[in-house]
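**Student:** Build the 3D model from these lines:
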Amino acid sequence: MASPPSSTPLGSAAEDPGDSPPDWRQNHLGRLLGQAMRRFDARVLTLMAHDPEVPLALSNLAARAQVSAAHVHITRHLALEGSRLTVLAEEAGMTKQAMGDLVDQCAAWGLVVREPDPRDARARLVRFTPDGLAWLNGFRRAVARAEAEFRAEVGTDVALVVRIGLEAYGS
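**Tutor:** Next up is the predicted model:
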């Protein structure tokens, strides 16, 4: 179980930045996690750009860096049966407007469509198109390969400890 956050107020003498190593702002856990995530996402997109089973137009977008980590939020969070925009935005930690812009762009690329929600005539669902499902399968393959590369680089034991630690910390 994770220990509770420190109750020491920020700016107190106990947390004097002068007591820290000079590079603490560049080497703290949050920055390292962010760098690792950016590296992982970039590798996944590179692998997708070179996957012959990903629709050519979508792999070309990935190859030209037109698809960003923000677009990957849709890939990660869109349910196979479809999702409402508000649910997608909430799960991705984005505003509804920002997610709406991403969905519009992905719809223009042929990755998703907006359809009426059969359970509520006022609502719409975002769903993968057939090309979007091919993209999703490419994403699955790319994530598996990037994870295998991570294990090869840091070792199986370290990779397992990192995964367990991140699962515990993120939940």
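
**Student:** switch to C-alpha atoms for all contacts and neighbour counts from now on
**Tutor:** Noted.

**Student:** Show me what the helix or strand of the chain with the lowest mean pLDDT is packed against.
**Tutor:** Averaged element by element with mean pLDDT, DSSP states H and E, the chain has its least confident helix or strand at helix 56-63 (a mean of 74). Here helix 56-63 touches helix 29-49, going by 3 or more CA pairs under 8 Å, 6 or more residues apart in numbering; DSSP states H and E.

**Student:** other SSEs contacting the helix it packs on?
**Tutor:** Short answer (3+ CA pairs under 8 Å, 6+ apart): helix 29-49 packs on helix 56-63, helix 69-77, helix 130-154.

**Student:** so which of the ones you listed gets nearest residue 85?
**Tutor:** Go through those one by one with CA to CA and the one that ends up closest to residue 85 is helix 69-77, at 10.1 Å.

**Student:** between that closest one and helix 130-154, what angle do the directions make?
**Tutor:** Note on geometry: by axes from the mean of the first three to the mean of the last three CA atoms, to 10 degrees, helix 69-77 and helix 130-154 are set 100 degrees apart in direction.

**Student:** Let the chain start at 34 from now.
**Tutor:** New numbering, starting at 34: the last item is helix 102-110.

**Student:** just checking, next helix/strand downstream of helix 102-110?
**Tutor:** For helix 102-110, the succeeding helix or strand toward the C-terminus, using DSSP states H and E, is helix 118-125.

**Student:** Contacts for the top strand by length along the chain next, please.
**Tutor:** For the chain, the strand that runs over the most residues, judged by DSSP state E, is strand 153-161. Strand 153-161 is contacted from outside by 111-118, 136, 144-150, using CA atoms under 8 Å, 6 or more residues apart in numbering.

**Student:** Farthest-apart pair in these, please.
**Tutor:** 144 and 150 (18.3 Å).

**Student:** With that, I have no additional questions.
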